[in-house]
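J.: Got a predicted structure here, sequence first:
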Amino acid sequence: MSPNRQRASNSLFSAAGLERDAPHPLPDKLRPQTLSDVVGQDHILGLDGALTRMLETRTLGSLIFWGPPGTGKTTVARLLANATALHFEQLSAVFSGVADLKKAFDAARARRESGTGTLLFVDEVHRFNRAQQDSFLPVMEDGTVILVGATTENPSFELNAALLSRARVLVFRSLDWEAIEKLFARAEQVEGKPLPLDAEARSALVRMADGDGRAALTLVEEVWRSAREGEVFNAEQLQGVLQRRAPIYDKSADGHYNLISALHKSVRGSDPDAALYYLARMLEAGEDPLFLARRVVRMAVEDIGLADPQALVICNAAKDAYDFLGSPEGELAIAQAVIYLATAPKSNAAYKAFGAAMRVAKDAGSLLPPKHILNAPTGLMKSEGYGGGYQYDHDMPDAFSGQDYFPEMLGRRTFYDPPDRGFEREIRKRMDYWAKLRRERSS
């Protein structure tokens, strides 16, 4: 059927009242009709919200909506077109190619000639390759389209710099407890019946939605379908009926990196309780415990270092314990290592020293070590001064010669600066003593 005939058929369907009587999913029934109906995005749509201010000035530029699923990105784009009298055109980067883009651009140019602007909404815009993203630039610059792209991925990493420079990024937040409760109340009002849940089960349903409005309303429908006449579910029954428990996150997307970052920074900030919370979040979501064990080892060498040399030993032991015990018993070893790291003295001195040494090694090039520390296996090398004047440290007082081991052209450098805490307090004492001996013996 041609698009014109399809539209005509849909119009006749609506005119006959059949569409009104046809079953609609709850998310479709509760789809906001105005921007003020959208919940959970007050920082964008409230009195001082970014979009509110744009609409007050009657100017609208291209936008990138960045946020998790079910937060209203598509709905806001559609309502934005209505509020600005723009034609709403929608594409999905998953199903569209160059031919679809060209067709959309040509149609927008034709509308522009007749005095109608186009808001082109592109869902999953990050899935377009760089060349496809570049194709938007001319039509954005000449005003053929107002682009509104939606993405669940970080635009800084997934979108071209040229495209980002021509669009404003608006961040959509996961729906909080209050916003999800508003959706539940609206659903109850529209359906004319309460949710068959006790207070604890209702709270559990909010958690199951995990900030996704669409998921929240789908869960509400499942609850009503599952409840018998007069039945009221408690939290345990709800979990059994829905076969769903804790909220999950996409281990390949931002949720994964956000939580591992939160775990790492909680350890670095010496907060064992917060660190355990984020560890539990990731384990509950199905994260690979060995991935977490590897990250914990990384924390030991980056943030604890030589302030507590046992930190690395304990983290490696935790990894081995998980290998030996498996899940779930082995996860306790990882948790123990996390607590140890969070409560250990902190030092990034070794981490910084290594980075500084790497930079100097890269910049200074292939400098020859001083000849007195080079071996002289041949007569020629010995005649060239290789090994001449080398002092065997074990034969010296305090087992310390004080000789310079840096290349002559580089000069002496300082990379490692241990702080005066943890075990590194003892290391600093040794280094200060050796520095004193070095000065004395070099003079």
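T.: The structure has been received and is ready for your questions. Small disclaimer: the values here were computed from a predicted structure and weren't measured.
J.: Dump the helix ranked longest in the chain to PDB, restricted to CA.
T.: Of all segments of type helix in the chain, defined using DSSP state H, the longest is helix 424-442. Taking Å, rounded to 0.1, in the frame of the first residue of the first chain, the C-alpha atoms of helix 424-442 are listed here in PDB:
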ATOM      1  CA  GLU A 424      56.300   5.100  52.500                       C
ATOM      2  CA  ARG A 425      57.200   7.100  55.700                       C
ATOM      3  CA  GLU A 426      60.000   4.500  56.100                       C
ATOM      4  CA  ILE A 427      61.000   4.600  52.500                       C
ATOM      5  CA  ARG A 428      61.300   8.400  52.700                       C
ATOM      6  CA  LYS A 429      63.600   8.100  55.700                       C
ATOM      7  CA  ARG A 430      65.900   5.800  53.600                       C
ATOM      8  CA  MET A 431      65.800   8.000  50.600                       C
ATOM      9  CA  ASP A 432      66.600  11.100  52.600                       C
ATOM     10  CA  TYR A 433      69.500   9.300  54.300                       C
ATOM     11  CA  TRP A 434      70.900   8.100  50.900                       C
ATOM     12  CA  ALA A 435      70.500  11.600  49.500                       C
ATOM     13  CA  LYS A 436      72.600  12.900  52.400                       C
ATOM     14  CA  LEU A 437      75.300  10.200  51.700                       C
ATOM     15  CA  ARG A 438      75.200  11.000  48.000                       C
ATOM     16  CA  ARG A 439      75.900  14.700  48.700                       C
ATOM     17  CA  GLU A 440      78.800  13.900  51.100                       C
ATOM     18  CA  ARG A 441      80.500  11.300  48.800                       C
ATOM     19  CA  SER A 442      80.100  13.300  45.600                       C
END
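J.: Give the buried residues for that helix.
T.: 424, 427-428, 437-438 (16 or more other C-beta atoms under 10 Å). Where you see a C-beta, it was placed from the backbone N, CA and C, and this is true even at glycine.
J.: Same check on stretch 218-234?
T.: 218-220, 222-223, 227, 233.
J.: among the residues you listed, which are in helices?
T.: Using DSSP H, the buried residues of stretch 218-234 in helices are 218-220, 222-223.
J.: if we can go back for a sec, where does the longest helix of the chain sit relative to the chain's centre, distance-wise?
T.: Its chain's average C-alpha position is 44 Å from that of helix 424-442, according to C-alpha atoms, centre = their mean, to the nearest Å.
J.: will you turn the ones in helices among the buried residues of stretch 218-234 into JSON lines that also has distance to Ala300 and pLDDT?
T.: Below are these laid out as JSON lines (distance: C-beta to C-beta, whole Å; pLDDT from 0 to 100):
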{"residue": "Thr218", "distance to Ala300": "43", "pLDDT": "90"}
{"residue": "Leu219", "distance to Ala300": "41", "pLDDT": "91"}
{"residue": "Val220", "distance to Ala300": "45", "pLDDT": "92"}
{"residue": "Glu222", "distance to Ala300": "44", "pLDDT": "91"}
{"residue": "Val223", "distance to Ala300": "46", "pLDDT": "92"}
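J.: Including distance to Lys319, could these go into a markdown table?
T.: Below are those laid out as a markdown table (distance: C-beta to C-beta, whole Å):
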| residue | distance to Lys319 |
| --- | --- |
| Thr218 | 39 |
| Leu219 | 38 |
| Val220 | 43 |
| Glu222 | 40 |
| Val223 | 42 |
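J.: Can you tell me which of these is closest to Arg166?
T.: Arg166 has its nearest neighbour among these in Thr218, at 35.7 Å by C-beta to C-beta.
J.: for that closest one, what are its contacts?
T.: With contact set as C-beta atoms under 8 Å, 6 or more residues apart in numbering, Thr218 has these partners: 25-27.
J.: secondary structure element for the residue nearest to Arg412 when sequence neighbours are not counted?
T.: Of all residues not flanking Arg412 in the chain, Phe406 sits nearest, at 5.3 Å (C-beta to C-beta, 6 or more residues apart in numbering). Counting by DSSP states H and E, Phe406 is held by no secondary-structure element, helix or strand.
J.: Looks like Phe406 contacts Pro370 (just checking).
T.: Yes: in terms of C-beta atoms under 8 Å, Phe406 counts as a neighbour of Pro370; the distance is 7.2 Å.
J.: So if I had to pick from the two, which one is more boxed in?
T.: Between Phe406 and Pro370, counting by other C-beta atoms under 10 Å, Pro370 is the more crowded of the two (18 against 15).
J.: ok, Thr59 - how many residues close by?
T.: 9.
J.: Please tell me how far it sits from Ile146.
T.: Distance, Thr59 to Ile146, by C-beta to C-beta, to the nearest Å: 10 Å.
J.: what touches both of the two?
T.: With C-beta under 8 Å, 6+ apart, Thr59 and Ile146 have no common neighbours.
J.: OK, contacts around Ala274?
T.: Ala274 neighbours (C-beta under 8 Å, 6+ apart): 262, 266.
J.: Which positions in the helix or strand containing it come out as buried?
T.: Assigned by DSSP H and E, Ala274 belongs to helix 272-284. For helix 272-284, burial by neighbour count (16+ other C-beta under 10 Å) applies to 272, 274-276, 278-279, 281-283.
J.: Show the contacting residues for the nearest residue to Lys193 once chain neighbours are set aside.
T.: Excluding the flanking residues, the one nearest Lys193 by C-beta to C-beta, 6+ apart is Trp224, at 7.5 Å. Contacts for Trp224 (C-beta under 8 Å, 6+ apart) come out as 191, 193, 195-196.
J.: tell me which helix or strand of this structure sits lowest on mean pLDDT?
T.: helix 3-15 (a mean of 49; mean pLDDT, DSSP states H and E).
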